[in-house]
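# make a model of this:
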Amino acid sequence: MSSPQIEPTEVLVIGAGQAGIATSEHLSARSLPHIVLERNRIAERWRSERWDSLVANGPAWHDRFPGLEFDDVDPDEFAPKERVARYFEQYAEKFALPIRTGVEVRSVRRDASGRFIAETSAGTFSSRFVVAATGAFQVPAYPALVPADAGIDQLHSSSYRNPEQLRPGGVLVVGAGSSGVQIADELRASGREVVLAVGAHDRPPQRYRGRSFVWWLGALGLWEKATPPAGAEHTTIAVSGAHGGRTIDFRDLAADGITLVGRAESFADGVLTFEPNLERDIRLGDANYLSVLEQADAYIERMGLDLPEEPEAWQLGALPESVTTPIESLDLAAAGITTIVWATGFGVDYGWLEVDTFDDRGRPVQQRGVSEEPGVYFVGIPWQSRRGSSFIWGCWHDARYVADQIEIQRGYLAYAGNALPATAPVPHP
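Sure thing, here's the model as predicted:
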């Protein structure tokens, strides 16, 4: 019996979302032979793991790669999720990227020869380098506070689609980043009673003095921050591209009838308790908002820019009593809550990557995407090199650095006499 066929390549990229596509573009630009494997369709999470009305939170001129503009979305508008997915398909077509869809990677390990062997649903692949480009949104993450038999429907934001999906009754949304506030707003607009659990967050203005928040974060160097806040693995940004893009203000949500509470803390006998930090976290979010305005004004003056003044942006209303004296516990059944939507982010799952480069929580040990395991790289993880790393444009820049490192290491291997093409670049000692 003959042994199974093994398909060789130089670099194997796992995942064809924004991280994998960016990586493939940069590898192609360097003429590095590679294959991208994707278990579903290109940019699948944009299609099937987001709610129906989702749009990008940044304008189309910003939330894209440098090599292609949206041809049917105004630069200052916000692309719907299906259009974003189609954008990545167009990008892959434009650069003729070697992507194979419908291929599930089951395991990747190093063999005795030093090469990586990938066992997949489409056969076996062999490569010198591996890039894990499965991104920042791998596994829904939420605390096991409320037991499954508590009589409450529970779903993660990645499984939420629209209000009609949920059974009648009130909804508790846990998490007040972009996903949580948009879902809570949509549910309230549909006539639902909604409770929103709010934790620590940044709250930039969607626009200020004629410029988008993404422009301000870039001009002020805030996208380039290299380390997250103390104790945080990512920064929760309360901002929305819905309704044409608007600044999130929790006062407005409260005025619309959404009940605000603190972070979910514990559950017992049908009662969910919340941390007593709601006012503090909202005031800290306000301080973050005002700091951006202050830095923006200083930047305008320093750079001599002629941008329209916007004094009304500085006017924050008084916090409602529901914030200064919030509910600290809630009997879910008595309050008519039938569903909890956990908008609490994502965890990682690299169980398929059988190498020694993970900490005790399963997170990659890496620096700018270069792991401790020679030949293994990562693209698309939060704070890979900067605050913007898990955003569309940010992972494109991180992927360029990773491709550079692969090219350099390939040159070292060639210099050492490995069986690589003679054209491989040789680094200077």
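
# can you tell me which residues contact residue 100?
Residues near residue 100 by C-beta atoms under 8 Å, 6 or more residues apart in numbering: 35-38, 122. All C-beta atoms are positioned from the backbone trio N, CA, C, and that covers glycine.

# next, residue 397: phi, psi?
For residue 397, the backbone dihedrals (degrees, to the nearest 10) come out as phi -70, psi -40.

# meant to ask about residue 336, not that
Main-chain dihedrals, residue 336, degrees, to the nearest 10: phi 80, psi 20.

# from residue 155, how far off is the closest residue to it other than its chain neighbours?
Using C-beta to C-beta, 6 or more residues apart in numbering and skipping the chain neighbours, the partner closest in space to residue 336 is residue 170 (4.4 Å). Distance of residue 170 to residue 155, computed by C-beta to C-beta, to the nearest Å: 15 Å.

# ok, residue 41 - how many residues close by?
17 (other C-beta atoms under 10 Å).

# re earlier: what pLDDT is listed against the residue nearest to residue 336?
Confidence at residue 170, expressed as pLDDT, is 97.

# residue 265 too?
The per-residue pLDDT of residue 265 was computed as 94.

# hmm, back to that, how about the contacts made by the residue nearest to residue 336?
Taking C-beta under 8 Å, 6+ apart, we find residue 170 in contact with 192-195, 335-339.

# cool, residue 370 as well?
Taking C-beta under 8 Å, 6+ apart as the contact definition, residue 370 lies against 377, 402, 405.

# show me the domain layout of this structure.
6-138+348-415, 143-342 (automatic domain parsing).

# measure the shortest one end to end?
This means domain 143-342. By C-alpha to C-alpha, to the nearest Å, the extent of domain 143-342 from end to end equals 9 Å.

# next: the longest one.
For domain 6-138+348-415, the first-to-last residue distance is 26 Å (C-alpha to C-alpha).

# same question, stretch 123-142
End-to-end distance for stretch 123-142: 35 Å, by C-alpha to C-alpha.

# let's test this: mean pLDDT of that stretch, rounded?
The predicted model gives stretch 123-142 an average pLDDT of 91.

# now stretch 106-121: buried residues?
Taking 16 or more other C-beta atoms under 10 Å as the neighbour-count basis, stretch 106-121 is seen to contain the buried residues 108, 110, 115-118, 120.

# nope, stretch 147-157 is what I was after
By neighbour count on 16+ other C-beta under 10 Å, the buried set for stretch 147-157 is 150, 152-157.

# what does it contact?
Outside of stretch 147-157, the residues within contact range by C-beta under 8 Å, 6+ apart are 51, 140-142, 146, 166-167, 175, 179-180, 183, 267, 270, 332-333, 337-344.

# the residues you listed in strands, which ones?
Secondary structure defined by DSSP state E assigns 140, 267, 337-342 of these to strands.

# just say helix, strand or coil for residue 173.
Here residue 173 is recorded as strand under DSSP: H, G, I helix; E, B strand; the rest coil.

# residue contacts, it?
Residues near residue 173 by C-beta under 8 Å, 6+ apart: 180, 183-184, 187, 194-197, 340-341, 343.

# for this protein, which helix is longest?
When the chain is scanned for its longest helix (criterion: DSSP state H), the result is helix 278-303.

# name the helices or strands packed onto that one?
Under the contact criterion of 3 or more C-beta pairs under 8 Å, 6 or more residues apart in numbering; DSSP states H and E, the helices and strands touching helix 278-303 comprise strand 207-208, helix 213-219, strand 259-261, helix 321-324.

# okay, now the unreliable bits of the stretch 101-250 of the chain?
Flagging of the stretch 101-250 of the chain using pLDDT under 70 yields the residue ranges 227-235.

# what ranges do the strands span in it?
Using DSSP state E, counting those that start in this stretch, the strands of the stretch 101-250 of the chain run over residues 105-110, 116-120, 123-132, 139-140, 153-156, 170-174, 194-197, 207-208, 211-212, 239-240, 246-247.

# can you put these in CSV and add distance to residue 370?
Conversion of the strands of the stretch 101-250 of the chain to CSV gives the following (distance: least, C-beta to C-beta, whole Å):
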stretch, distance to residue 370
strand 105-110, 16
strand 116-120, 16
strand 123-132, 11
strand 139-140, 23
strand 153-156, 31
strand 170-174, 35
strand 194-197, 37
strand 207-208, 37
strand 211-212, 32
strand 239-240, 31
strand 246-247, 38
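
# could you point out which of those strands sits nearest residue 276?
In this view, the strands of the stretch 101-250 of the chain are compared for proximity to residue 276 by C-beta to C-beta, and strand 194-197 is the closest at 12.6 Å.

# same for that closest one, what does it pack against?
Taking 3+ C-beta pairs under 8 Å, 6+ apart as contact, the helices and strands that strand 194-197 lies on are strand 170-174, helix 178-189, strand 259-261.

# let me have those in JSON lines, adding distance to residue 222 as columns.
Supplementary listing: those in JSON lines, determined by distance: least, C-beta to C-beta, whole Å:
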{"stretch": "strand 170-174", "distance to residue 222": "27"}
{"stretch": "helix 178-189", "distance to residue 222": "16"}
{"stretch": "strand 259-261", "distance to residue 222": "26"}
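
# quick one on the thing from earlier: for residue 259, state which of the buried residues of stretch 106-121 is nearest.
For those, the minimum distance to residue 259 (C-beta to C-beta) is 46.9 Å, reached by residue 108.

# what sits against the closest one?
Residue 108 makes contacts with 12, 14, 116-119, 130, 352-355, as judged by C-beta under 8 Å, 6+ apart.
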